[in-house]
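> Only the shape, not the letters, is given here:
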(Lines give C-alpha, C1' and ligand atoms only; values in the text may rest on other atoms or scores of the structure.)
Protein backbone atom coordinates (compact mmCIF):
# COMPACT_ATOMS: atom_id res chain seq x y z
CA UNK A 1 0.00 0.00 0.00
CA UNK A 2 1.46 3.36 -1.01
CA UNK A 3 1.82 6.45 1.07
CA UNK A 4 -1.08 8.88 1.10
CA UNK A 5 -0.80 12.64 1.44
CA UNK A 6 -1.29 13.88 5.00
CA UNK A 7 -4.60 15.53 4.17
CA UNK A 8 -6.07 12.16 3.15
CA UNK A 9 -4.98 10.28 6.25
CA UNK A 10 -7.38 9.09 8.88
CA UNK A 11 -5.77 7.55 11.91
CA UNK A 12 -7.16 4.23 13.14
CA UNK A 13 -7.53 3.71 16.87
CA UNK A 14 -5.55 2.96 18.90
CA UNK A 15 -3.56 6.00 17.98
CA UNK A 16 0.08 5.90 16.99
CA UNK A 17 2.44 6.65 19.88
CA UNK A 18 3.08 10.19 18.65
CA UNK A 19 -0.59 11.07 19.26
CA UNK A 20 -0.70 9.70 22.79
CA UNK A 21 2.69 10.88 24.03
CA UNK A 22 1.40 14.14 25.49
CA UNK A 23 2.52 16.26 22.53
CA UNK A 24 -1.03 17.43 21.83
CA UNK A 25 -2.23 20.58 23.55
CA UNK A 26 -6.01 20.34 23.76
CA UNK A 27 -8.91 17.95 24.06
CA UNK A 28 -12.44 19.14 23.45
CA UNK A 29 -15.16 16.62 24.22
CA UNK A 30 -17.93 16.64 21.62
CA UNK A 31 -21.23 14.88 21.20
CA UNK A 32 -22.68 16.07 17.92
CA UNK A 33 -23.43 14.75 14.47
CA UNK A 34 -21.33 16.18 11.64
CA UNK A 35 -21.23 15.70 7.87
CA UNK A 36 -18.05 14.67 6.06
CA UNK A 37 -17.95 17.27 3.27
CA UNK A 38 -14.56 16.46 1.72
CA UNK A 39 -15.48 14.78 -1.57
CA UNK A 40 -12.45 12.47 -1.73
CA UNK A 41 -13.06 10.94 1.71
CA UNK A 42 -14.47 7.39 1.40
CA UNK A 43 -17.47 8.41 3.56
CA UNK A 44 -18.18 11.70 1.77
CA UNK A 45 -21.70 12.87 2.57
CA UNK A 46 -22.10 10.62 5.61
CA UNK A 47 -23.46 12.12 8.82
CA UNK A 48 -21.34 10.72 11.65
CA UNK A 49 -21.06 11.30 15.41
CA UNK A 50 -18.12 13.51 16.44
CA UNK A 51 -16.73 12.23 19.73
CA UNK A 52 -13.90 14.69 20.41
CA UNK A 53 -11.57 17.26 18.90
CA UNK A 54 -7.84 17.13 19.57
CA UNK A 55 -5.19 19.61 18.52
CA UNK A 56 -1.99 17.84 17.54
CA UNK A 57 0.86 20.22 16.75
CA UNK A 58 -0.94 22.72 14.49
CA UNK A 59 -3.74 20.51 13.17
CA UNK A 60 -7.14 19.92 14.73
CA UNK A 61 -8.33 16.32 14.45
CA UNK A 62 -11.78 14.97 15.18
CA UNK A 63 -12.62 11.47 16.35
CA UNK A 64 -15.65 10.29 14.40
CA UNK A 65 -17.64 7.07 14.41
CA UNK A 66 -17.85 5.86 10.81
CA UNK A 67 -21.04 4.20 9.51
CA UNK A 68 -19.42 0.77 9.91
CA UNK A 69 -18.79 1.48 13.62
CA UNK A 70 -15.05 2.11 13.46
CA UNK A 71 -13.51 5.13 15.20
CA UNK A 72 -11.22 7.32 13.11
CA UNK A 73 -9.38 10.58 13.55
CA UNK A 74 -9.79 12.91 10.58
CA UNK A 75 -8.76 16.53 10.09
CA UNK A 76 -11.68 18.69 11.19
CA UNK A 77 -11.54 20.78 8.02
CA UNK A 78 -13.08 17.75 6.28
CA UNK A 79 -16.29 18.28 8.28
CA UNK A 80 -16.62 21.95 7.36
CA UNK A 81 -18.93 22.89 4.44
CA UNK A 82 -16.12 24.72 2.62
CA UNK A 83 -14.29 21.38 2.22
CA UNK A 84 -16.91 20.42 -0.40
CA UNK A 85 -15.26 22.82 -2.84
CA UNK A 86 -11.77 21.37 -2.50
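Now that the structure is in, tell me what you want to look at. Note that the structure is predicted; figures quoted are calculated from it, not measured.
> what's near enough to touch residue 62?
By Cβ atoms under 8 Å, 6 or more residues apart in numbering, the contact set of residue 62 is 30, 34, 50-54, 73-76, 79. To be clear about C-beta, it is placed using only N, CA and C from the backbone, and glycine gets the same treatment.
> Can you point out the helix or strand that includes it?
strand 59-65 (DSSP states H and E).
> Can you give the strand pairings for that strand, parallel or anti for each?
Note on strand 59-65: by DSSP bridges, its sheet partners are strand 47-56 (antiparallel), strand 71-75 (antiparallel).
> Could you say which of those is packed most deeply?
Highest mean neighbour count of those: strand 71-75, a mean of 20 (counted as mean count of other Cβ atoms under 10 Å).
> Test my guess that residue 73 contacts residue 63.
Yes: applying Cβ atoms under 8 Å as the test, residue 73 and residue 63 come out as touching, 5.4 Å apart.
> coming back round to it: nearest to residue 43, of the contacts of residue 62?
Closest approach between the contacts of residue 62 and residue 43, by Cβ to Cβ: residue 74, at 9.1 Å.
> what pLDDT does that closest one get?
We have a pLDDT of 96 for residue 74.
> for it, which residues make a bridge with it?
residue 62.
> list the contacts for it?
Contacts of residue 74 by Cβ under 8 Å, 6+ apart are 10, 36, 41, 61-62, 64.
> Counting neighbours, which of those comes out on top?
In terms of neighbours by other Cβ atoms under 10 Å, the contacts of residue 74 top out with residue 64 at 26 neighbours.
> Quick check: pLDDT value at that residue.
We have a pLDDT of 96 for residue 64.
> Excluding sequence neighbours, find me the nearest residue to it.
residue 48 (4.5 Å; Cβ to Cβ, 6 or more residues apart in numbering).
> Quote the end-to-end distance of stretch 67-74.
Distance across stretch 67-74, first residue to last, is 14 Å (Cα to Cα, to the nearest Å).
> correction: stretch 34-49
From its first residue to its last, stretch 34-49 covers 6 Å (Cα to Cα).
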